[in-house]
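>>> with the input below, show me the fold.
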Amino acid sequence: MNKEKFELTDAVLVSHILNECGKITNLVSRISFEELEADVIYQDALTRELEIIGEAAGNLSTDFVKRFPEIPVRDMRAMRNVLAHQYFRVDMEYLWETAVNEIPPLFEALKRIKNEL
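Residues are numbered from 1 along each chain as shown. So this is what the prediction gives:
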């Protein structure tokens with residue numbers, strides 16, 4: 001692990017979220033829901049990517065949240081908490097729907113926002 005400290009600015013956090021959105025977009029463009037259900041590696045990848053998004057979102061500044069209310073920070077953080085602490089409740093169909101329907105608009109919105117940070 002890199003022990004070098006760096007500041008988690010909104011710009012850095014948005015970059016982390018964008019990176020994970022890109023991975024999710026790539027994953028769902030290559031597999032079907034049935035393939036996701038059948039492969040624990042795909043399930044773990046999607047779960048981890050969504051968890052990272054939620055963790056990064058939870059560290060965004062209050063100013064960011066107020067400035068960009070269209071970004072569902074609270075929902076992103078809530079999903080992360082379920083994935084991390086209530087993993088037994090995780091529903092792959094719900095994660096798939098999130099990946100297919102919620103990640104693309106989030107990805108596009110954050111690409112635009114990144115230029116404003």
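>>> please make it C-alpha for all contacts and neighbour counts, starting now.
OK.
>>> need the longest helix for the chain.
As assigned by DSSP state H, the longest helix anywhere in the chain is helix 10-30.
>>> report the buried residues of that helix.
Buried residues in helix 10-30, counted by 16 or more other CA atoms under 10 Å: 10-21, 24-25, 27-28.
>>> could you point out which element follows it?
Scanning forward in sequence from helix 10-30 by DSSP states H and E, the next helix or strand is helix 33-38.
>>> convert that next one to CSV, retaining C-alpha atoms only.
The C-alpha trace of helix 33-38 is given here as CSV (Å, rounded to 0.1, in the frame of the first residue of the first chain):
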residue,chain,number,x,y,z
PHE,A,33,-27.4,-10.1,-15.9
GLU,A,34,-27.4,-13.9,-16.1
GLU,A,35,-23.6,-13.9,-16.4
LEU,A,36,-23.4,-11.6,-13.4
GLU,A,37,-25.6,-13.9,-11.3
ALA,A,38,-23.5,-17.0,-12.3
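>>> that helix packs against which elements?
If you count contacts as 3 or more CA pairs under 8 Å, 6 or more residues apart in numbering; DSSP states H and E, helix 33-38 packs onto helix 40-58, helix 92-97.
>>> which other residues reach stretch 7-21?
Here stretch 7-21 makes contact (CA atoms under 8 Å, 6 or more residues apart in numbering) with 49-50, 52-53, 56-57, 59-61, 64, 103-104, 106-107, 110-111, 114, 117.
>>> what pLDDT, on average, does that stretch get?
Taken as a whole, stretch 7-21 has an average pLDDT of 96.
>>> can you list the weak-confidence ranges in the protein?
Along the chain, the parts satisfying pLDDT under 70 run over 1-5.
>>> most centrally placed residue in it?
residue 53 (2.8 Å; CA atoms, centre = their mean).
>>> that residue and residue 76 touch, don't they?
Yes - here residue 53 reaches residue 76: they are 6.9 Å apart, a contact under CA atoms under 8 Å.
>>> okay, the closest residue to residue 42 other than its chain neighbours and residue 82: tell me how far apart.
In space, and not counting its chain neighbours, residue 42 is closest to residue 36: 5.6 Å by CA to CA, 6 or more residues apart in numbering. The gap separating residue 36 from residue 82 is 19 Å, by CA to CA, to the nearest Å.
>>> many thanks, have a good one.
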